[in-house]
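Visitor: here's a sequence, model it:
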Amino acid sequence: MVSGKCVIHLLFCPQKHSSIKLITTKNRSHCGLDPQLPYLEMPRQAQHNHPIHIETTKNTMSNSTHNGFEGSFLGDASRIDNHTKMECKICWYVYDPAQGDAQWQIPAGTPFSALPAHWRCPNCDGDSEQFMVLID
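Guide: Residues are numbered from 1 along each chain as shown. Model (predicted):
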């Protein structure tokens, strides 16, 4: 952190990934990141192995009235419908209600909001509250 700014440098390969999700789980306050904002996402427009420079001030990243961000449901099932696909913000696993979850023996047709409280991401064990609404 330099004089109230958080600077992040990344290398990005667009042939392998459509976006980068930068997951910040510790030291968020060091860079002024809102704890409700679990990752930053960058589009595919970056060039192959071209450094991406992100610079932000605490004022642009923190917001005391923040109620979430695009794609988040913050664990509130009333924000999603029965057919909504949800994506794990850690490993990008997609829960599709039409398919259910074979690992947890969740039958096809089970909406994300009807998953048992103990259900976690079958790939990375992430909390269900940390899933994001997948916009097709």
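Visitor: show me the shaky parts of this protein.
Guide: Along the chain, segments meeting pLDDT under 70 span 1-72, 74, 136.
Visitor: 80 instead?
Guide: Within the chain, the ranges that satisfy pLDDT under 80 run 1-79, 136.
Visitor: can you list the domains in it?
Guide: Domains of the chain are assigned by automatic domain parsing as 5-61, 71-136.
Visitor: the host helix or strand of residue 132 packs against which elements?
Guide: Per DSSP states H and E, residue 132 falls inside strand 131-133. Packing partners of strand 131-133 (3 or more Cβ pairs under 8 Å, 6 or more residues apart in numbering; DSSP states H and E): strand 86-88. From N, CA and C alone the C-beta is placed, and that goes for glycine too.
Visitor: against which helices or strands is the helix or strand following the strand it packs on packed?
Guide: As assigned by DSSP H and E, the chain's next helix or strand after strand 86-88 is strand 94-95. Judged by 3+ Cβ pairs under 8 Å, 6+ apart, strand 94-95 is in contact with strand 86-88.
Visitor: again, only this time at 7 Å
Guide: Packed against strand 94-95 by the contact rule (3 or more Cβ pairs under 7 Å, 6 or more residues apart in numbering; DSSP states H and E) you find no helix or strand.
Visitor: give me the contacts around it.
Guide: For strand 94-95, the surrounding residues in contact (Cβ atoms under 7 Å, 6 or more residues apart in numbering) are 85-87, 101, 112, 131, 134.
Visitor: kindly report the same for stretch 103-114.
Guide: 77, 80, 82, 84, 86, 95, 97-100, 115, 119, 122.
Visitor: measure it end to end?
Guide: The first and last residues of stretch 103-114 sit 16 Å apart, counting by Cα to Cα, to the nearest Å.
Visitor: let the chain start at 19 from now.
Guide: Noted, 19 is the first residue going forward, which turns the last one into stretch 121-132.
Visitor: how about it: buried residues?
Guide: Residues 124, 128-131 are the ones in stretch 121-132 that count as buried (16 or more other Cβ atoms under 10 Å).
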